[in-house]
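>>> Give me a 3D structure for the following:
(one chain, ligands or ions: 2)
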Amino acid sequence: MTQTARPYRSVLYIPGSKERALEKAMGLPADAIIFDLEDAVAPDEKPAARKLLAQVLTDWDFGARARIVRINGLDTEWGAADCNAMDEAIARGAKIDAVLIPKVNCARDLDAVAALVPGADLWAMMETCQGMLNAAEIAAHPKLKGMVMGTNDLAKELNSRFRADRLPMQAGLGLCLLAGRAHGLILVDGVYNAFKDEDGLLFECEQGRDMGFDGKTLIHPAQLEIANRAFAPSDAEIDLAQRQIAAFDEVMANGGGVAVVDGKIVENLHIVTAKATLAKAAAIAALAG
Ligand SMILES: CC(C)(COP(=O)(O)OP(=O)(O)OC[C@H]1O[C@@H](n2cnc3c(N)ncnc32)[C@H](O)[C@@H]1OP(=O)(O)O)[C@@H](O)C(=O)NCCC(=O)NCCSC(=O)C[C@H](O)C(=O)O
Ligand SMILES: [Mg+2]
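Ligands and ions are numbered 1, 2, ... in the order given. So this is what the prediction gives:
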């Protein structure tokens, strides 16, 4: 599956130290997994978690789910060892789709990890004010394939309050969306901390989807179904896309350039979106098997 065809509706964090949760993940309907060595793992547990992940990613089968490893930053005592362990694991055949770097401030942060794990694609956590202001140069890095919003760290840096409309972080998220889309990256929204609040999660998923994100990072299996539904094309969207394509084809065959469907104009650019909707629906269906 190509990067663009692969859905990223649900991207589940799993602490690299929790073997039971790692086992469970092999049967969960997550489009992608972030195997975390950073904030979800206590300092004392980091060496054991690093070793466990290297083994799990070599020997266990996570099916079609994308496998992303979040390392500790290179400015910590664990970052270089995380990189070396993942580099060795890749050399031994571990399936790692990308290394996710926390608190990326500038493109040089990516160069440093690329030098230590040359065989991996990179993803960046966008969660510092400096990083978001440098989103354009970070997104242009040749090894970067995805950006993940770190809305907890961003709120901490901004000294902002958590609000349902996320107004205080719209500027930062918007900069990342602009930069990421300009460079064809996968863009995944931040986590919703109240993992038992389904209505709140759905609201935030729909907001992120409408802003342009491909999916949402999640912290608990109970959040998967809501994200998978919110970020998938609905039946009505699939039906509209099919009717737009049919109407536009007919107009084109008669020498025209603009169709009208449900009282709205349909031009070539809308057909690009319609085809993307159908391709996404097909990719999701393929994932379901
Ligand atoms: C939030 C949790 C601590 C809750 O854990 P727990 O109390 O164990 O939950 P449950 O008893 O409801 O668990 C039920 C079963 O589900 C499994 N489980 C739980 N969480 C996960 C998971 N994330 N992935 C896979 N499986 C999971 C349990 O093992 C139970 O299984 P079973 O034994 O079969 O019943 C916990 O969910 C958790 O630790 N979540 C992850 C937290 C995390 O990753 N945090 C870091 C990422 S957030 C972040 O850093 C964002 C960013 O950087 C920013 O700045 O915003
Ligand atoms: Mg963070």
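
>>> how much distance is there from stretch 185-192 to the middle of the chain?
5 Å (C-alpha atoms, centre = their mean, to the nearest Å).

>>> Show me the domain layout of the protein.
10-230, 235-288 (automatic domain parsing).

>>> Point out the most buried one among those.
domain 10-230 (a mean of 19; mean count of other C-beta atoms under 10 Å). C-betas here are computed from N, CA, C, even on glycine.

>>> okay, the domains of the chain in TSV with distance to ligand 2 next?
Formatted as TSV, the domains of the chain follow (distance: least, C-beta to the ion, whole Å):
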stretch	distance to ligand 2
domain 10-230	4
domain 235-288	27
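
>>> what would those look like in CSV with mean pLDDT?
Below are the domains of the chain laid out as CSV (pLDDT from 0 to 100):
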stretch, mean pLDDT
domain 10-230, 98
domain 235-288, 97
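
>>> Residue 172 is in contact with residue 155, isn't it?
No: in this structure residue 172 lies outside contact range of residue 155 using C-beta atoms under 8 Å: 10.0 Å.

>>> Please list all residues in contact with residue 178.
Listed by C-beta atoms under 8 Å, 6 or more residues apart in numbering, the contact set of residue 178 reads 135-136.

>>> Look at it and give its secondary structure.
Secondary structure state of residue 178, per DSSP: H, G, I helix; E, B strand; the rest coil, is helix.

>>> Ok, residue 188 next?
Criterion first, three-state DSSP; result for residue 188: strand.

>>> ok, now how distant is it from residue 58?
25 Å (C-beta to C-beta, to the nearest Å).

>>> can you check residue 243 too?
The value you get for residue 243 to residue 58, if C-beta to C-beta is used, is 48 Å.

>>> So which bits of the stretch 101-250 of the chain are right by ligand 1?
For the stretch 101-250 of the chain, the residues in contact with ligand 1 (C-beta under 6 Å from any ligand atom) are 125, 127, 150-153, 190-191, 195, 219-221.

>>> From these, which land in strands?
residue 125 (DSSP state E).

>>> could I get the residues of the stretch 101-250 of the chain next to ligand 1 as TSV with distance to residue 264?
Shown next, in TSV, are those (distance: C-beta to C-beta, whole Å):
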residue	distance to residue 264
125	38
127	38
150	37
151	34
152	39
153	41
190	33
191	35
195	38
219	39
220	39
221	39
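
>>> Now do the strands in the stretch 151-289 of the chain.
186-189, 215-218, 259-261, 264-266 (DSSP state E, counting those that start in this stretch).

>>> Now distance to residue 97 too, for those strands, in a markdown table please.
A markdown table is the format used below for those (distance: least, C-beta to C-beta, whole Å):
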| stretch | distance to residue 97 |
| --- | --- |
| strand 186-189 | 10 |
| strand 215-218 | 14 |
| strand 259-261 | 38 |
| strand 264-266 | 36 |
